[in-house]
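Peer 1: Based on what follows, work out the 3D shape:
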Amino acid sequence: MTAEEAAAGIVERLRAAGHQAYFAGGCVRDKLMGRTPKDFDVATSAHPDVVLQMFPRTFSVGAHFGVVLVEHDGFVTEVATFRSDGSYSDGRHPDAVQFAETPQQDVLRRDFTINGMLLDPPAQVLDFVGGRADLAAGIIRAIGEPSRRFAEDKLRMLRAVRFAARFGFVIEPVTEAAIRQLAVQIAQVSRERIRDELTRMLTEGHARRAFELLDSTGLLAEVLPEIERLKGVEQPPEYHPEGDVWIHTLLLLEKLPEGAEPTLAWGALLHDVGKPATFQRAPDRIRFNGHVEVGVKIAEAICRRLRFSNDDTAQILLLVENHMRFGDVEKMKDSTLKRFFRLPRFEEHLALHRMDCLSSHGDLRLYDFARTRYEATPEEQVRPSLLVTGRDLIAAGYRPGPRFKEMLAAAEDAQLEGRITSREEGLALVSKQFKTLPQD
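Peer 2: Numbers count the residues shown, from 1 in each chain. From the prediction side, this is the model:
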């Protein structure tokens, strides 16, 4: 049993009870494009109370909007009643809905023509909005009056950009003009939904195109003004022959594969966000002194604004904070290098550095050095059991105090570098290096 077969079973059962029912939305689009849909939605003339009664396992997540989740044969399918929507005072949800009698009425309230087709399983397409022609032509076009569609649900503006980037389509001129006109109203959408749309853009394999479209439609300045400020910020040509910080960032985004980790994707987007504020044309060359520290603060403000989880925020900030450290990897002591390798999800740091190099000077020497050492160093050498602990120092007669941390760090450094191999050697090193005896 597949998700499609489970959804087809729901359609069959609804029809057997005398109701109209069709596959609807993105699954129809994807099937016509030869793609495998992630999930299947069903549109039906049956009202929510009827759907709830017909199927034993249902979840009423939006029955007042006509939406019921039906679990059938191990798959969950969204079943929505044909409807027409009233006004959208919050710019996201209809204030009220009126159940419709026909599928034609239902599709007219949907977002884009390519998402407005219905499928009578297994293969008969119902297209009341010209979606099939736009799909063939590679066009994202709002259904009906674009300004009205976007006024109803402001998030649709970001979705238009995402679909155009994902499929390599163009946004139809009147639809694009409406986005530019209404871009400032994207602020009415919840920050979490904006974050999720941007994350999808960054991780669907076409991030550069998505951000170019965000820029050309005026949405970038509204949702991420800090990124819009990267445009025109010069860089030293000897290190960045590709151009300004905006071009450099777009080149990184171009290298993000489909399915990239969201934290890596956001790290790539934000890694140089501190450069505009620290730009300096020094006597020798263009400099960005302190851009990492400034960038971390700006990135943190963005993560908080977009309501990222604490864990994701921490990882994104670590990527921004440490992206310049690769410049010193060949000179690092073993202890410093191993501590560098301890950064959470160090593979993401490596991936960001590789993209950073390939998007500028192209020299992968430091990346190759770091990757080779990282892969060749066993985990037990990166995070070994400590030979000397605080308890060992106390047992040896040292009194806890401010120097404890320094003593422990010195012993750990020596252990990571192979200079000590036992507790006794570690304690002897502490005594010698700090010129103190336990009774002191």
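
Peer 1: can you give me the offset of stretch 204-218 from its chain's centre?
Peer 2: 14 Å (CA atoms, centre = their mean, to the nearest Å).

Peer 1: which residues sit against it?
Peer 2: Among residues not part of stretch 204-218, those counted as contacts by CB atoms under 8 Å, 6 or more residues apart in numbering are 157, 161-162, 164-166, 168, 171, 176, 179-180, 183-184, 201-202, 220, 223-224, 227-228, 231, 249-251, 253-254, 256-259, 265, 269. Using the backbone N, CA and C atoms, a C-beta is placed for each residue, glycine as well.

Peer 1: Report the buried members of those.
Peer 2: Of the members of the contacts of stretch 204-218, the ones counted as buried by neighbours, 16 or more other CB atoms under 10 Å, are 157, 161-162, 164-166, 171, 176, 179, 183, 201-202, 220, 223-224, 227-228, 249-251, 253-254, 256, 265, 269.

Peer 1: Strands - which of these land there?
Peer 2: When the buried ones among the contacts of stretch 204-218 are checked against strands using DSSP state E, the ones located there are Ile171.

Peer 1: Give me the nearest residue to Arg57, chain neighbours excluded.
Peer 2: In this structure, Arg57 finds its nearest non-sequential neighbour in Glu71, 4.0 Å apart by CB to CB, 6 or more residues apart in numbering.

Peer 1: Please report how far the spatially most central residue of the chain lies from Thr175.
Peer 2: For the chain, the residue sitting closest to the mean C-alpha position, by CA atoms, centre = their mean, is Thr199 at 2.8 Å. Distance of Thr199 to Thr175, computed by CB to CB, to the nearest Å: 23 Å.

Peer 1: Might one say that the residue nearest to the centre of the chain is in contact with Trp266?
Peer 2: Yes - with contact defined as CB atoms under 8 Å, Thr199 reaches Trp266; the gap is 7.4 Å.

Peer 1: same for the helix or strand hosting Ala80, what does it pack against?
Peer 2: Under DSSP states H and E, the secondary-structure element containing Ala80 is strand 75-81. Other elements packing on strand 75-81 under the criterion 3 or more CB pairs under 8 Å, 6 or more residues apart in numbering; DSSP states H and E are helix 3-16, strand 41-44, helix 48-54, strand 67-72.

Peer 1: Would you mind listing the buried residues in the third one?
Peer 2: Just to be clear, that refers to helix 48-54. Within helix 48-54, the residues that qualify as buried are 48, 50-52, 54, counting by 16+ other CB under 10 Å.

Peer 1: Can you tell me which of those is nearest Phe99?
Peer 2: Lowest distance from Phe99 to the buried residues of helix 48-54 (CB to CB) belongs to Pro48, with 8.8 Å.

Peer 1: Surely that closest one and Val70 touch.
Peer 2: No - no contact is recorded between Pro48 and Val70 when judged using CB under 8 Å, the distance being 10.9 Å.

Peer 1: pLDDT score for the residue nearest to Ala165 when sequence neighbours are not counted?
Peer 2: Take Ala165 and drop its neighbours on the chain: the residue closest to it by CB to CB, 6+ apart is Ala210, 3.7 Å away. pLDDT recorded at Ala210 is 98.

Peer 1: a strand runs through Ala210, doesn't it?
Peer 2: No - assessed by DSSP: H, G, I helix; E, B strand; the rest coil, Ala210 does not belong to a strand; its assignment is helix.

Peer 1: which other helices and strands contact whichever helix or strand Gln105 is part of?
Peer 2: Under the assignment given by DSSP H and E, the secondary-structure element containing Gln105 is helix 103-107. Taking 3+ CB pairs under 8 Å, 6+ apart as the contact definition, the neighbouring helices and strands of helix 103-107 are strand 21-24, strand 83-85.

Peer 1: Averaged pLDDT, the shortest one. What do you get?
Peer 2: It refers to strand 83-85. 78.

Peer 1: 51 is where my numbering starts, stick with that
Peer 2: Let's use 51 as the start, then, which means that last one is strand 133-135.

Peer 1: Who are the contact partners of Thr86?
Peer 2: When the contact criterion is CB under 8 Å, 6+ apart, the partners of Thr86 are Asp80.

Peer 1: Now do the SS call for it.
Peer 2: Going by three-state DSSP, the secondary structure assigned to Thr86 is coil.

Peer 1: If I look at it, what pLDDT would I see?
Peer 2: The predicted local confidence for Thr86 is 92.

Peer 1: Quickly note the distance from the residue nearest to the centre of the chain to Asp362.
Peer 2: From Thr249 to Asp362 the distance is 9 Å (CB to CB).

Peer 1: Name the residues contacting each of those two.
Peer 2: Residues touching both Thr249 and Asp362 comprise 312, 316, with contact defined as CB under 8 Å, 6+ apart.

Peer 1: pLDDT score for the closest residue to Pro312 other than its chain neighbours?
Peer 2: Closest residue to Pro312 apart from its sequence neighbours, by CB to CB, 6+ apart: Thr249 at 5.0 Å. Thr249 is assigned 98 on the pLDDT scale.

Peer 1: Confirm that Thr249 sits in a strand.
Peer 2: No - inclusion of Thr249 in a strand is not indicated when three-state DSSP is applied; the result is helix.

Peer 1: Settle this for me: Asp442 is touching Arg473, isn't it.
Peer 2: Yes - between Asp442 and Arg473 there is a contact under CB under 8 Å: 6.0 Å.

Peer 1: Flag every buried residue along stretch 226-242.
Peer 2: Taking 16+ other CB under 10 Å as the neighbour-count basis, stretch 226-242 is seen to contain the buried residues 226, 228-229, 232-233, 236, 238-239.

Peer 1: quick one: which of those residues is nearest Phe329?
Peer 2: Nearest to Phe329 among the buried residues of stretch 226-242 is Ala233, at 26.8 Å by CB to CB.

Peer 1: and the residue nearest to the closest one when sequence neighbours are not counted, how many neighbours does it have?
Peer 2: Residue nearest to Ala233 in three dimensions, not counting chain neighbours: Gly268, with 3.9 Å by CB to CB, 6+ apart. Taking other CB atoms under 10 Å as the criterion, the count of residues near Gly268 is 18.

Peer 1: swap in Thr108?
Peer 2: Around Thr108 there are 19 residues (other CB under 10 Å).

Peer 1: dump the residue contacts of it.
Peer 2: Under the criterion of CB under 8 Å, 6+ apart, the neighbours of Thr108 are 101-102, 118-121.

Peer 1: if I pick the residue nearest to Pro312, what's in contact with it?
Peer 2: For Thr249, the residues meeting the contact criterion (CB under 8 Å, 6+ apart) are 312, 315-316.
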